[in-house]
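> Structure for this input, please:
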Amino acid sequence: MIPEDEFEALMTGDPLVRFARIERLARARRKEALVEEHGNTDDIDYDYTSIVLATAEACGVDELLFFNPPAYDDKESWKQYAEFRALAQRVSDRLLIGQLHGHSDDFYSVAFDGPTKVKLRHHLEKMRSIIDESDESPEKKHVLYTRIAELSEEIDKDRTRFEHVTALTIQLAQTTGVVAEKLEPVVRIIQSIFGKSKAQENQRATLPAPRKRKQIEGPKKSNRPRSFERDLDDEIPF
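Residues are numbered from 1 along each chain as shown. A predicted model of the protein is given here:
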């Protein structure tokens, strides 16, 4: 999908920017391949995913490494690949914009107030209940529980990094059947809370600082003696 000489040209500079550039190129080449193959996506999606995962691992973009490509005969593989592409694109765009504009670590995280943390914990607990009642294998349940626990622990911090909600979303993309249908709306609510909270945070950051009200100064203290003190001094002969 991407010739070796193009890889060499792109694999320079900051690792995060390298990942973003290669992901964008792989996405563009995927579109070109779809036209040539008349919409046959199986091999094309696998190639795109393989390149992006390998680049993510090389560049330290760990939040995408939870994805395991579906089996070739999986009838819902298109859905899992679509979810992965959407997440990879968001990560790519975020990293590129953040690096180009020199954002701090706060750009990749958000601070929640107390009531919002309570809401998020409620939805995470709801996800645990859905998984408990599902027919998923113990191994799959364990992976989902782990992602939920990681996000829950991150929410307890002063700032919550986006990579943990991304990891949970990717894991959900690999889950199928009834449990996936029940979990998906809850995850969308969590994503919405993250998005709205970050938008509000950005909005507050752009507001001008409040003007300091000019305080009215009181009367200046004079070192000159008051008139009655001067009169007394004049009357006292010693």
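> This protein: helices as residue ranges?
Assigned by DSSP state H, the helices in the chain fall at 4-10, 15-36, 42-59, 77-100, 114-132, 138-155, 162-173, 177-206, 227-235.
> just the ones you listed: most buried one?
The highest mean neighbour count among the helices of the chain, using mean count of other CB atoms under 10 Å, belongs to helix 162-173: a mean of 21. C-beta here means a position set from N, CA and C on the backbone, and glycine is covered the same way.
> tell me the angle it makes with helix 77-100.
Interaxial angle, helix 162-173 versus helix 77-100 (axes from the mean of the first three to the mean of the last three CA atoms, to 10 degrees): 170 degrees.
> Show residues contacting helix 162-173.
Outside helix 162-173, the residues within contact range by CB atoms under 8 Å, 6 or more residues apart in numbering are 62-64, 66-67, 79-80, 83-84, 87, 90-91, 94, 108-110, 143-144, 147-148, 150-151, 154, 180, 183-184, 187, 190-191, 194.
> returning to what we had before: comparing the helices of the chain, which yields the minimum mean pLDDT?
Lowest mean pLDDT of these: helix 227-235, a mean of 48.
> distance of the residue most central in space within the chain from V91?
Central residue of the chain (CA atoms, centre = their mean): F162, 2.4 Å from the mean position. Distance of F162 to V91, computed by CB to CB, to the nearest Å: 9 Å.
> Quick check: neighbours shared by the two?
What both F162 and V91 touch, as defined by CB under 8 Å, 6+ apart, is the set E63.
> out of the helices of the chain, nearest to A71?
helix 77-100 (7.3 Å; CB to CB).
> packing partners for that closest one?
helix 15-36, helix 42-59, helix 162-173 (3 or more CB pairs under 8 Å, 6 or more residues apart in numbering; DSSP states H and E).
> need the ones you listed in a markdown table with distance to E133, can you?
Output for the helices and strands packed on helix 77-100, formatted as a markdown table (distance: least, CB to CB, whole Å):
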| stretch | distance to E133 |
| --- | --- |
| helix 15-36 | 37 |
| helix 42-59 | 31 |
| helix 162-173 | 16 |
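> Fine by me, we can end here.
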